[in-house]
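# sequence and predicted structure below; questions after.
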Amino acid sequence: MKDLLVVMSFTIKDMVKRKSFIISTLIILLLIVLGFNIPNIISAIAGEGDTLSQDKILIVDSENIFGRKPRELKSNGIRIYF
């Protein structure tokens, strides 16, 4: 059993020192980072700009508690869906 661990340790150390292992590991890491940042990259290229203008507010006012206030906000350019 001890010989198996020695051989395994030597093999793993040898594999990690190879140039191909290091380069492939870096490429995979780069692909993972790019994959998780695709939405940010697309939004930067598309030039969406300020995200505050993209926010939506949903108001459910079945008892008319707010009265005409939401309609006044909508007329001022704020997007409200009700």
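Sure thing, it's come through.
# find the nearest non-adjacent residue to residue 21, please.
Excluding the flanking residues, the one nearest residue 21 by CB to CB, 6 or more residues apart in numbering is residue 15, at 5.7 Å. C-beta: built from backbone N, CA, C; applies to glycine.
# count of neighbours near that neighbour?
10 (other CB atoms under 10 Å).
# and stretch 5-20, what's its mean pLDDT?
For stretch 5-20, mean pLDDT rounds to 92.
# what does stretch 32-52 give?
For stretch 32-52, mean pLDDT rounds to 79.
# got the CA coordinates for it in CSV?
Provided in CSV are the C-alpha atoms of stretch 32-52 (Å, rounded to 0.1, in the frame of the first residue of the first chain):
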residue,chain,number,x,y,z
ILE,A,32,-14.9,29.7,-16.8
VAL,A,33,-14.3,33.4,-16.0
LEU,A,34,-15.5,34.5,-19.5
GLY,A,35,-18.5,32.2,-19.2
PHE,A,36,-19.7,33.7,-16.0
ASN,A,37,-19.1,37.3,-17.3
ILE,A,38,-21.0,36.9,-20.6
PRO,A,39,-24.0,38.9,-19.4
ASN,A,40,-21.7,41.8,-18.3
ILE,A,41,-19.8,41.7,-21.5
ILE,A,42,-23.0,41.7,-23.7
SER,A,43,-24.5,44.6,-21.7
ALA,A,44,-21.2,46.6,-22.0
ILE,A,45,-21.1,46.0,-25.8
ALA,A,46,-24.8,46.8,-26.2
GLY,A,47,-24.3,50.0,-24.3
GLU,A,48,-27.3,49.7,-22.0
GLY,A,49,-26.0,52.4,-19.8
ASP,A,50,-27.7,53.2,-16.5
THR,A,51,-29.6,50.3,-15.1
LEU,A,52,-31.9,52.5,-13.0
